[in-house]
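Engineer: the sequence and its predicted three-dimensional model are supplied below.
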Amino acid sequence: MADVSPARQLPERRLAAILAADIAGYSRLMDEDEAATVRDLKADQGVVLPMIASHGGRIIDTAGDGILAQFPSAVRATECAVAIQRTMAERNRERPDDRRLMYRVGVNLGDVLEDEERIYGDGVNVAARLEALAEPGGILISGKVFGEVDGKVDVGIEDRGEHQVKNISRPIHAYAVQLGDASASTLPPRPALAVPDKPSIAVLPFQNMSGDPEQEYFADGIVEDIIMALGRVQWFFVIARNSSFTYKGVATDVRQVGRELGVHYVLEGSVRKAGERIRISGRLIDATNGRQVWSDRFEGDLADIFDLQDRVTQSVVGAVEPSLRGAEINRANEKPTQNMDAYSLYFRALSHLYGMNRESLAEALNYCRSSVTKDPSFSLAKGLLAFCHVQRNSQGWLSLADREEGIAFARAALAANRDDPATLRLAGIAIGDLAREYDLALSAMGRSLALNPNSAQAHNSAGWLDLLVSEPESAICHFEQAIRLSPLDPEMGIVFSGIATAHFIAGRFGTALDWAERTLRERPGNLVGHRMVVASLVQLGRADEAVAARRRMQETWPDLRLAHLRATSLSSYKDPAIGKLVGNSLTAAGLPE
């Protein structure tokens, strides 16, 4: 008997306008305060989602913080995007800067396949890529959408040029919708920075091609090593890791990267690790015009990792400035350890260090200890272990046993290696902060900066060391250089808290308050920022505000006691009068002993 069962209905193909949106920095917001973020997101969705239907659209998906919607026309989709961003601008005005939920929106017109629940196809993929390229609070539309809406929607439109994005073979031509005074974007545009008068470069995060998300830390570690190696070439200007990594997972236009970071060249690439084999691919681009200067691929065994990194560094240096002395390149290629297990554990420690919270620092410490166990001569891992205790001391988490361990490993790191700038930096700040041996600490930090003047971390650490020895003006100079070397650093709140402390030590309490408040906008949980706000308000005679600020500090740090601060970070100053002034100010604001 013939099969007369009904044929499976195939997805319908049609031309549609697609709107894709998500919240910029959603993971950070969830990490800081999950309950408040979910509450605000649900409230915003209650206003935003009905706007899609009112503009003739259909919601396809609202998973997590994202929105995917389909419209019958490009004009309707763009008008809806504008309405969403203007509405969100109003809602965000009542929120603190660091708690604003800001959509990025991409709109495309293209062919899609549609079934009863979903839509698929290139039209959707391009909208998603445009969304990823958009600024927080901004809207990017494709060339096809621009052709439909030009002159029909009451907004300005700016040509942003072509962008090569992941998994789409042809470049996407993007146009930015200009929302004018009602712009949803509450973030000022990033100004173009002046390019230094010597070779300048940013190394973007390399793509992990291993197919294993667990290997992400390894690819990131490779890039960190390349950044440090290039930084040791003293005729170079090299952007710090933390600013380069703000572009991680984001489709980028290297010309925009060059403008935002103030560099002439951008290095991008990929890492593939399979068993004991590794492949590093690199591409150097002139950020002023987007042209490729050099590209190559390096393959070998995992045991050859340092040789592969050397070849990448030498190739980049040679492509940018062939006249550089060989000695400069050789200095960049020093090997931290020959033990690959220790090296891998060090990378894992680094990946947790950048979390900068109590749990992540504990994980970083464990990996450092394991790394040193694998290779007892690995000075960089010893220095990193000591530095983890410095971070814990600044937040009041350090015990006497922690202090003793940090000092012991800092001394061991300095004894083992006086020629690695990273080891000198990490061990130097630990010797100053934990052991209070300021002359030895200043000597180590000075040598670190002499070997690698491009290290934003070293300038940051040098600034904090200057604070410990009552040199606030020198500290501010180091902090300002750290900002230039890492202009997009997500940890910039730590630098701001250092500048606040410098002005407080110098007696400029109003300026100290301004920088401390800026710290808390960047990092609401930063204890140094909180105590500088409280102490500055006390010194300015604003007692009621100081008490309110102290209460806010205790909301974040409910177990905080003055005796603990005096036993940790406030005791690190060479001049005890500084710690005493801060402590007395906190007492005046009502912090319990």
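Structural biologist: Sure thing, it's come through.

Engineer: quick one: the helices in the stretch 301-450 of the chain, in order.
Structural biologist: 305-320, 326-331, 340-353, 358-374, 379-394, 400-416, 421-430, 438-451 (DSSP state H, counting those that start in this stretch).

Engineer: for the first one, give me every contacting residue.
Structural biologist: Defining contact as Cβ atoms under 8 Å, 6 or more residues apart in numbering, one finds that helix 305-320 is touched by 199, 201, 222, 225-226, 229-230, 233, 236, 265, 267, 269, 278, 280, 282, 284, 293-294, 296, 298-300, 324, 328-329, 332-333, 335, 340, 343. Heads up, the C-betas are built off the backbone N, CA and C, glycines and all.

Engineer: of the residues you listed, buried ones?
Structural biologist: Buried members of the contacts of helix 305-320, counted by 16 or more other Cβ atoms under 10 Å: 199, 201, 222, 225-226, 229-230, 233, 236, 265, 267, 269, 278, 280, 282, 284, 294, 298, 324, 329, 332, 340, 343.

Engineer: out of these, list just those in helices.
Structural biologist: With DSSP state H as the criterion, helices contain Ile222, Asp225, Ile226, Ala229, Leu230, Ile329, Met340, Tyr343 from among those.

Engineer: what's the farthest-apart pair in the residues you listed?
Structural biologist: Ile329 and Met340 (23.8 Å; Cβ to Cβ).

Engineer: could I get the full set of strands for the stretch 101-250 of the chain?
Structural biologist: 103-114, 119-120, 139-142, 156-163, 172-178, 200-203, 207-208, 237-238 (DSSP state E, counting those that start in this stretch).

Engineer: kindly list the longest helix within the chain.
Structural biologist: When the chain is parsed with DSSP H, its longest helix is helix 34-54.

Engineer: mind listing what's buried in that one?
Structural biologist: Buried residues in helix 34-54 (16+ other Cβ under 10 Å): Thr37, Asp40, Leu41, Asp44, Val48, Met51, Ile52.

Engineer: returning to what we had before: so which of the strands of the stretch 101-250 of the chain is the most packed in?
Structural biologist: Across the strands of the stretch 101-250 of the chain, the average number of neighbours (mean count of other Cβ atoms under 10 Å) peaks for strand 139-142, which reaches a mean of 29.

Engineer: out of the strands of the stretch 101-250 of the chain, nearest to Arg411?
Structural biologist: The nearest among the strands of the stretch 101-250 of the chain, by Cβ to Cβ, is strand 237-238 at 29.3 Å.

Engineer: list the contacts of the closest one.
Structural biologist: So strand 237-238 is in contact with 196, 198-203, 227, 230-231, 263, 454, 485, going by Cβ under 8 Å, 6+ apart.

Engineer: can I get those in a markdown table with distance to Gln314?
Structural biologist: Listed next are these as a markdown table, based on distance: Cβ to Cβ, whole Å:
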| residue | distance to Gln314 |
| --- | --- |
| Pro196 | 22 |
| Lys198 | 18 |
| Pro199 | 14 |
| Ser200 | 18 |
| Ile201 | 14 |
| Ala202 | 19 |
| Val203 | 15 |
| Ile227 | 15 |
| Leu230 | 10 |
| Gly231 | 15 |
| Val263 | 20 |
| Asn454 | 17 |
| Leu485 | 23 |
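
Engineer: dump the residue contacts of Pro196.
Structural biologist: Contacts of Pro196 (Cβ under 8 Å, 6+ apart): Phe237, Gly262, Val263.

Engineer: mind listing what's buried in whichever strand or helix holds Gln554?
Structural biologist: Element membership of Gln554, judged by DSSP states H and E, is helix 543-556. Neighbour counts over helix 543-556 (16+ other Cβ under 10 Å) mark Glu545, Ala546, Val547, Ala549, Arg550, Met553 as buried.

Engineer: for that helix, enumerate the helices and strands it packs against.
Structural biologist: For helix 543-556, the elements it packs on are helix 527-539, helix 576-588, judged by 3 or more Cβ pairs under 8 Å, 6 or more residues apart in numbering; DSSP states H and E.

Engineer: for the helix or strand that comes right after that helix, packing partners?
Structural biologist: Later in the chain than helix 543-556, the nearest helix or strand by DSSP H and E is helix 562-567. If you count contacts as 3+ Cβ pairs under 8 Å, 6+ apart, helix 562-567 packs onto helix 576-588.

Engineer: wait, Ala24 touches Val105, no?
Structural biologist: No: contact between Ala24 and Val105 fails when scored by Cβ atoms under 8 Å: they sit 10.6 Å apart.

Engineer: how about the contacts made by the spatially closest residue to Arg518 that is not a sequence neighbour?
Structural biologist: Spatial nearest neighbour of Arg518, chain neighbours left out: Phe496 (5.1 Å); criterion: Cβ to Cβ, 6 or more residues apart in numbering. Applying Cβ under 8 Å, 6+ apart to Phe496 gives the contacts Trp515, Ala516, Arg518, Thr519, Glu522, Gly529.

Engineer: got it, and Ala342?
Structural biologist: Taking Cβ under 8 Å, 6+ apart as the test, what Ala342 contacts is Ser371, Val372, Lys374, Asp375, Phe378, Ala381.
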